[in-house]
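Asker: What shape does this take:
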Amino acid sequence: MKTRLNEFANYPLGYALYLTLRKSILNGEIHPGKRLTEMEISKRMEVSRTPVREAFRRLEAERLLIRTPGGKFIVANPDTQEIREIYLVRSVLEGLAAKIAASKVKPQDLRELKNAVQKMEEGIKKNQIKWVIDSNLEFHQLIVRVSDNHILTQTLNRLWDTIQVWSVRSLSNRDWTLKSVREHKKIIEALEKGDGDTAERLIRDHIEHASDVFLGKG
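Answerer: Next comes the predicted model:
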């Protein structure tokens, strides 16, 4: 992680440290539920505690770090009820984005969506879970980008960040990833036809299926 700090060398130290820790949390290097302390990160990254405090404040604002009653920090590890709520809100918002996107989608957008699905298929074949996670997220982000609604984008970015921490659990399930690819293709077909109602229904169902898999129901 110390080496990764160099990736963000052009940013002020506090912000660079925030980006470094954020990346480590999202890629699973720092696991949900892990306790982090200012002193530990300060020593590990060879920086003073001031930029660590700044980084922790940013991560807390994004709910990637949770402050305990004792003032300590742990990496977010939501309970079952919170997970259900996050997936429910995500299904509604992404469904709305798909409905809007159906009236705005262009041939280039469709090509990018199909390419994301193709990359996901390649990741499954080669058992490259990171490819699968990244291309799955890319697919969903593309639809929201096409909707061109900034409030939707900002809200979903925060949900995606939280969900990405857990994605390895559901997207390691080969049966689900294969089903997910099929559902992605059906969503693309609806968008290609300009059928916003069907696109909305399909993506809401798709995210509900993902929730069931994550919670051990699928």
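Asker: What are the contacting residues of stretch 73-92?
Answerer: For stretch 73-92, the surrounding residues in contact (C-beta atoms under 8 Å, 6 or more residues apart in numbering) are 25, 30-37, 56, 60, 63-68, 156, 159, 162-163, 165-166, 203-204, 207-208, 210-211, 214-215. Every residue, glycine included, has its C-beta placed from N, CA and C.
Asker: buried ones in the helix or strand harbouring L93?
Answerer: Assessed by DSSP states H and E, L93 sits inside helix 80-101. Across helix 80-101, burial judged by 16 or more other C-beta atoms under 10 Å covers 83, 86-87, 90-91, 93-101.
Asker: Can I have the buried ones of the contacts of stretch 73-92 as a PyMOL selection?
Answerer: Burial among the contacts of stretch 73-92 is assessed by 16+ other C-beta under 10 Å; the matching PyMOL selection reads:
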select buried, resi 25+30+32+36+56+64+65+156+159+162+163+165+166+203+204+207+210+211+214
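Asker: Give me the subset of the contacts of stretch 73-92 lying in helices.
Answerer: The helices, defined by DSSP state H, take in 25, 56, 60, 156, 159, 162-163, 165-166, 203-204, 207-208, 210-211, 214 from the contacts of stretch 73-92.
Asker: give me every residue that touches the residue nearest to the spatial centre of the chain.
Answerer: The centroid of the chain falls nearest to W160 when counting by C-alpha atoms, centre = their mean (3.0 Å). Applying C-beta under 8 Å, 6+ apart, we find W160 in contact with 137, 140-141.
Asker: Same question for Q128.
Answerer: Shown in contact with Q128 (C-beta under 8 Å, 6+ apart): E122.
Asker: Where in the chain is the helix or strand with the lowest mean pLDDT?
Answerer: Scoring the helices and strands of the chain by mean pLDDT, DSSP states H and E places helix 150-171 at the bottom, with a mean of 78.
Asker: Show me this protein divided up by domain.
Answerer: Domains of the chain are assigned by automatic domain parsing as 3-75, 80-214.
Asker: where in the protein is pLDDT low?
Answerer: Of all residues in the chain, those with pLDDT under 70 make up the ranges 1-4, 165-172, 218.
Asker: Let's see that with 90 instead.
Answerer: Residue ranges of the chain with pLDDT under 90: 1-9, 23-33, 61-64, 68-72, 76-84, 86, 128-134, 157-176, 210-218.
Asker: ok now the next helix or strand after the helix holding L93, how far from the chain's centre?
Answerer: Of the helices and strands lying after helix 80-101 in sequence (DSSP H and E), the nearest is helix 107-125. Centroid displacement of helix 107-125 relative to its chain, using C-alpha atoms, centre = their mean, to the nearest Å, is 17 Å.
Asker: And helix 107-125, what's buried?
Answerer: Here helix 107-125 shows 109-110, 112-113, 116-117, 119-121, 123-124 as buried, counting by 16+ other C-beta under 10 Å.
Asker: and if you look at stretch 44-62?
Answerer: For stretch 44-62, a neighbour-count test (16+ other C-beta under 10 Å) marks 45, 47, 51-52, 54-56, 58-59 as buried.
Asker: Helix, strand, or coil at P78?
Answerer: Under DSSP: H, G, I helix; E, B strand; the rest coil, the three-state class of P78 is coil.
Asker: Could you tell me the phi and psi values at it?
Answerer: The phi and psi values for P78, taken as degrees, to the nearest 10, are phi -60, psi 150.
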